[in-house]
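1. Predicted model follows, preceded by the sequence.
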Amino acid sequence: MRVIKSLQNEQIKYYARLKEKKYRDETGLFLIEGEHLVRMAIEANCLVTLLVAEEDIENYLDIIEEDKTIVVTESIINKLSFTKTPQNVIGIAKQNIVDKKEVNHVLVLDTLQDPGNVGTLIRSALAFNYDKIYVSESTVDVYNEKVVRASQGAIFKINIVKKGLKEIYRFLSNNDFQIIVTSLTNNSLYLEELKSKDKFAIVLGNEGNGVSEESLKNASNIVKIRMSDKIDSLNVAVAGSIIMYRLMEGYK
């Protein structure tokens, strides 16, 4: 195992840059923090490097691999951490960016901006056996630390691909997907009225403005959830989770 004690070490400076989206995009790497996420990354074979504070090394002997582990000081952990009271273990993980083509159940995120919502939707998509998540180029970075934390490690176990909406819909249309767009319009079908195909994609839109015109233009069906007249809308992560559960074969 290597030991690094200086905050000025070039390797530590390199890792610290991964707090910025620009460097995550350039390297295909991102920071993860805490034992749970590190263990999930190991399970998914996504962990590249493990950094453990020297005073806590005895607590992580079962996950330490000599060639992947760096023993560091608490001050280095604090430099790389996103939280005020960090756990003394941080990982460098590789992004799951392989674009799987053999898929049947897809989630499309059209310009979502709240990291908590995106992380929750990733977690729900994995829970309900969706194959793939497309995120539009204007959606928040899925490797933002708040998204990663909200996903509770699901981000390591589901295929997530960022593309422009036109390219996403070209793939879905060319491969005979039913494109189910969520929108509160007078012409929307209630969810229980929809007849879904074996291959479908669910499209969720921005928290404030809903789905884009590009999504509406490409819709096979536009749906909404029936709800009480005491409220006019649901949080997008809640609505998306309900729709994913309802439409997945085996959960009907």
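-> Structure's in. What do you need?
2. Return the mean pLDDT over the helix or strand where residue 243 lies, rounded to an integer.
-> Taking DSSP states H and E as the definition, one finds residue 243 inside helix 236-247. With pLDDT averaged residue by residue, helix 236-247 scores 96.
3. Is residue 202 in a helix, a strand, or coil?
-> The three-state label given to residue 202 by DSSP: H, G, I helix; E, B strand; the rest coil is strand.
4. For residue 189, list the residues it contacts.
-> Contact analysis of residue 189 by CB atoms under 8 Å, 6 or more residues apart in numbering lists 221-224. All C-beta atoms are positioned from the backbone trio N, CA, C, and that covers glycine.
5. scratch that, residue 15
-> Applying CB under 8 Å, 6+ apart to residue 15 gives the contacts 31, 49, 51, 80, 92.
6. Which one of these is nearest to residue 116?
-> Closest to residue 116 out of the contacts of residue 15 is residue 31 (17.9 Å), distances taken as CB to CB.
7. Who does the closest one form a beta bridge with?
-> Under the criterion DSSP bridges, residue 31 forms beta bridges with residue 92.
8. any idea how far it is from residue 82?
-> Using CB to CB, to the nearest Å, one obtains 8 Å as the distance from residue 31 to residue 82.
9. Who has more neighbours out of the two?
-> Neighbours per residue (other CB atoms under 10 Å) separate residue 31 from residue 82, with residue 31 holding more: 22 against 15.
10. what residues are up against the more buried one?
-> Residue 31 sits next to 15, 18-19, 80, 82, 90-93, 145 when contact means CB under 8 Å, 6+ apart.
11. Could you pick out the buried ones from the residues you listed?
-> Restricting the contacts of residue 31 to buried positions leaves 15, 18-19, 80, 90-93, 145, with burial counted as 16 or more other CB atoms under 10 Å.
12. among the contacts of residue 189, which are in strands?
-> Using DSSP state E, the members of the contacts of residue 189 that fall within strands are 221-224.
13. Please identify which of the residues you listed is nearest to residue 240.
-> When the ones in strands among the contacts of residue 189 are compared for distance to residue 240 (CB to CB), residue 223 wins out at 11.6 Å.
14. Counting neighbours, what do you get for that closest one?
-> Using other CB under 10 Å as the criterion, residue 223 is surrounded by 24 other residues.
15. Pretty sure it sits against residue 187.
-> No. Proximity of residue 223 to residue 187 does not meet the contact threshold set by CB atoms under 8 Å, at 10.5 Å.
16. If you drop the residues flanking it in sequence, what lies closest to residue 235?
-> In space, not counting the residues next to it along the chain, residue 235 is nearest to residue 117; the distance is 7.0 Å by CB to CB, 6 or more residues apart in numbering.
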